[in-house]
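Peer 1: please work out how this folds:
(2 chains)
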Protein chains: 2
Amino acid sequence: MTRRYAILAPERFETDAKTAHGVIRYGDDEVVAIVDPALAGKRVRDVLPYLESDAPIVESLVQALEFSPTSLLIGTAPKGGGLPPEWRSEVLAAIDAKLEIVSGLHDILGDDREFRVRSRAAGTAIWDVREPPDVPLFSGAVYGVAPPVVLTVGNDCAVGKMTVSLELVRAAHECGRNARFVPTGQTGIIIAGWGISVDRVIVDFAPGAAEQLVLYAAHQGADLIVVEGQGALNHPAYGAVTLALMTGCAPDALILVCDPARTAIESYQTPTLPYNELIEIHERVLATIKPAKVIGIALRTLGMSDAQARDEIERATRDTGLPADDVVRFGPQRLYAELAPRISKTVPLRGDASG
Amino acid sequence: MTRRYAILAPERFETDAKTAHGVIRYGDDEVVAIVDPALAGKRVRDVLPYLESDAPIVESLVQALEFSPTSLLIGTAPKGGGLPPEWRSEVLAAIDAKLEIVSGLHDILGDDREFRVRSRAAGTAIWDVREPPDVPLFSGAVYGVAPPVVLTVGNDCAVGKMTVSLELVRAAHECGRNARFVPTGQTGIIIAGWGISVDRVIVDFAPGAAEQLVLYAAHQGADLIVVEGQGALNHPAYGAVTLALMTGCAPDALILVCDPARTAIESYQTPTLPYNELIEIHERVLATIKPAKVIGIALRTLGMSDAQARDEIERATRDTGLPADDVVRFGPQRLYAELAPRISKTVPLRGDASG
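Peer 2: Have a look, this model is predicted:
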C-alpha cells in the first residue's frame, strides 16, 4: 500500500517533529499536508527548506482532508505523554474520515478504548509502530546471511544514526547496489514501512528481533544491509539495546556516528568517549563473539561553519586513520565511496577462527 | 507472609528442578512436600542429600495437602512450554484448596482464563514471578546508594551466579554484616520473596529495573548488596541483559563466576573466554561509565575430584592474581574472607574523576 500522509504536529512542526521531518525527507510515501495551526498557510519549504517539500501546512485535520490523505501520522510527541484533548479530537476526526492512524508514541493508541471502537466502526486501522511483534530468541541464523551487514553505532542517542544509515543506502543505490535500510526505531519504521522498534522488545528477545530484521532484508534480495543503530554502548540507560543490535545483527562492519559537540551522554553525567576509545570498546566487545571493525566515521556538524565542519572531519580522520564526513552537509557520496571497498563479508565467527 | 510450599515437579524432581532445589536449599520459606509420583514415598534427603531437607515426596497434590501448604510452587518447566493436562489438574486442585500458586514459567498462569476464574472464585492468588512490574527508566539515583554493590558476572548462563551470590550473602551474615541478596531471575525471586525477572523487562527499561532493585535493597538497610547476575556479556542472545545489570546496578565490584569445563556458550558456537579476557572485557565496558573491578573468582567444579577442584582454583588464582574458590564445594567463608576487605565504595563515576 502506498500511503498519502497527513501529519499531525500542532505547535511543534518546526521545532520538535523529528518523525515528521524524517518521513518528509526520506519516506517513500507522499506527505500531502501538515496540521499545525501555528504555521497554517505556509508550505513545508518555507519553514524548513532542507526538507525540499511543497506540502501545505493547514489549520486542522478537516482542512487536511482536502488533500486526500490515506493516513494520519502523529508527527511529534505530546508534552507529558498523554494525548491532549485537542489532539484527541483531531485523531477521532481522522478515524471518522476513514484514515489509517499511524503512531510512534509510547502510548499504544490501539489500547485506547475510544480509538479502538471508533476505528472498528469506521473500518480503518491503527498502526502502533512501537508495538513489537512476537519474535523468536536469537538463533544464530544471521551468521549465514550472504550480503555484508553494516551497523551504525554512536557516541550518544540522537546523533544521526538513522539519517546516516538512510543516506548511505541512498548513495549505494546511486552506485547501483540493491542496498536495504533496516529500521529499528519508530521513525525509521514509518519511513521504510516495516521494521521493529527494538527498544520496546523484552530484553531476552531483543537480539532475536535484530536477527529477524536482518534475515528479512536478506530475504528481500539485498546485496548490502545497513542497520539503523540505537543508543550508545556506554549509555547507562540504553547500552543494552545497543549491545542487542551488535550481537543480534552480527554486523560485518560498523559505522561510528558522532556528534563531536556532545560532551556528556544526553540526560546523564556519563562523559562521551573520544573516537579511538569508542572504536576500541565496540571492536573489543564484538571480538568476543563475531569480530567486526569500525570502517568509517559519520559526523553531525550541525551549527558549525563549513570550514569548522571540514576541520572536525579532518581531525576525526587524523585521530583514527578512518574516512570521515558529514553525510548531511556534504552528501553521502564521498563517505560511501571510501567505505564501499571496505564493506565485505570476510570476518569469521570467533569460534571459526581455527576452522 | 511466611509461605509453606508444596512443590510440583512430576517425574523431574531429581534431574530437572533447579527452582525447587534452590528454594529448598536457600529459601526462607518452608518446603513441606514435593509432588513427584516417580519418587513417592522417599524424602528429599534420600534423593538429593546436599539439599539437607526431610520434606516428604508424595504421589499427588491431594496427598501434599496433608502437610498444610499455603502455596503450590511449580518447581520445574514442563517439556514443550504448555502445561500438560496432568499438571493442569494438579494446579486446579491446589486452587480449589485455596493454595496460592507461585510460578516462574514463561507462560503467565494468571493469563489463563480457567486458572484466573477459579482462583478468583477460591479467593486465592496467582504469583507469576517472571511477570515484571512497570519500572521507571534508569535515573542514576543508584549512584548515590551508600553500601557497596557487588554484581556476579560469568562465562556463560547457568554457571552458578545465583548460588554464589546467595552463598556470599550467607557468609557475610555469619560475619555479622547485614548483607542483602538482590534477585534478578525467577528462582532467586522465589527464594527471596521479592525481585524482578530482569530478562523479561522491555530492553529500554531493563537498567531501570536493576536500579530499582538496588535502591530497594539499600532502603531496607543493607550494608552490602550482592546482585544475582544473568547471562554473559559475550553471550550472543543474553549479553544485553548482562549489560543492563552492569549499567543499571552500578556495581562497585564484580565477582566472576565460571564453569571452567564450559568451552562454548550454551546452545551457541561462541567460545567461552579465558579468565583474563573476561575480566578485561567487563572492566573495559564499565570503565566507560562507572569503573569497577573483578575482585574474585567463584568456580563451579561439579564433577571434579577435590584434588582436581583445588588445582583448578589454584590455576585461576595463578592466571589472574585474584582470590578464587568453589563456594559450594568448600563453603563460602574462605572466598568471602578474601573478598571482604576489597569490597568498598571507593570508585567514582567516570565523569567525577576530575571533580
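Peer 1: what about A:Ser68, distance to A:Ile191?
Peer 2: 21 Å (Cβ to Cβ, to the nearest Å). All C-beta atoms are positioned from the backbone trio N, CA, C, and that covers glycine.
Peer 1: what does A:Ser344 give?
Peer 2: Counting by Cβ to Cβ - A:Ser344 and A:Ile191 are separated by 27 Å.
Peer 1: which residues touch the closest residue to chain B within the stretch 251-355 of chain A?
Peer 2: Closest contact between the stretch 251-355 of chain A and chain B, by Cβ to the nearest Cβ, is at A:Thr288 (3.7 Å). Taking Cβ atoms under 8 Å, 6 or more residues apart in numbering or on different chains, we find A:Thr288 in contact with A:Arg350, B:Leu233, B:Asn234, B:Thr270, B:Leu273, B:Glu277, B:Ile281.
Peer 1: got a markdown table for those residues, with distance to B:Thr247 and neighbour count too?
Peer 2: Shown next, in a markdown table, are those (distance: Cβ to Cβ, whole Å; neighbours: other Cβ atoms under 10 Å in any protein chain shown):
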| residue | distance to B:Thr247 | neighbour count |
| --- | --- | --- |
| A:Arg350 | 24 | 17 |
| B:Leu233 | 11 | 26 |
| B:Asn234 | 16 | 26 |
| B:Thr270 | 22 | 24 |
| B:Leu273 | 20 | 21 |
| B:Glu277 | 21 | 15 |
| B:Ile281 | 14 | 19 |
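Peer 1: first vs last residue of stretch A:254-269, how far apart are they?
Peer 2: 26 Å (Cα to Cα, to the nearest Å).
Peer 1: that one near chain B anywhere?
Peer 2: Yes: Stretch A:254-269 lies within reach of chain B by Cβ under 8 Å from any Cβ of the partner chain, at A:Ala264, A:Tyr268, A:Gln269.
Peer 1: once you drop chain neighbours, what's closest to the second one?
Peer 2: Spelled out, it's A:Tyr268. Nearest non-adjacent residue to A:Tyr268, counting by Cβ to Cβ, 6 or more residues apart in numbering or on different chains: A:Pro236, 5.4 Å away.
Peer 1: what residues does the stretch 251-355 of chain A have near chain B?
Peer 2: A:264, A:268-271, A:273, A:277, A:281, A:284-285, A:288-290, A:349-352.
Peer 1: what about A:Tyr336, neighbour count?
Peer 2: 24 (other Cβ atoms under 10 Å in any protein chain shown).
Peer 1: so it sits right up against A:Ala172, yeah?
Peer 2: Yes: taking contacts as Cβ atoms under 8 Å, A:Tyr336 lies within contact range of A:Ala172: 6.3 Å.
Peer 1: what about A:Val164, how many residues nearby?
Peer 2: 29.
Peer 1: now it: which helix or strand?
Peer 2: helix A:161-174 (DSSP states H and E).
Peer 1: neighbour-wise, which of A:Ser344 and A:Ile191 wins?
Peer 2: More crowded of A:Ser344 and A:Ile191, by other Cβ under 10 Å: A:Ile191, with 23 against 11.
Peer 1: was I right about the more buried one contacting A:Val31?
Peer 2: No: A:Ile191 is beyond contact range of A:Val31, at 11.1 Å (criterion: Cβ under 8 Å).
Peer 1: find the residues that touch each one of the two.
Peer 2: Common neighbours of A:Ile191 and A:Val31 (Cβ under 8 Å, 6+ apart) are A:Val23.
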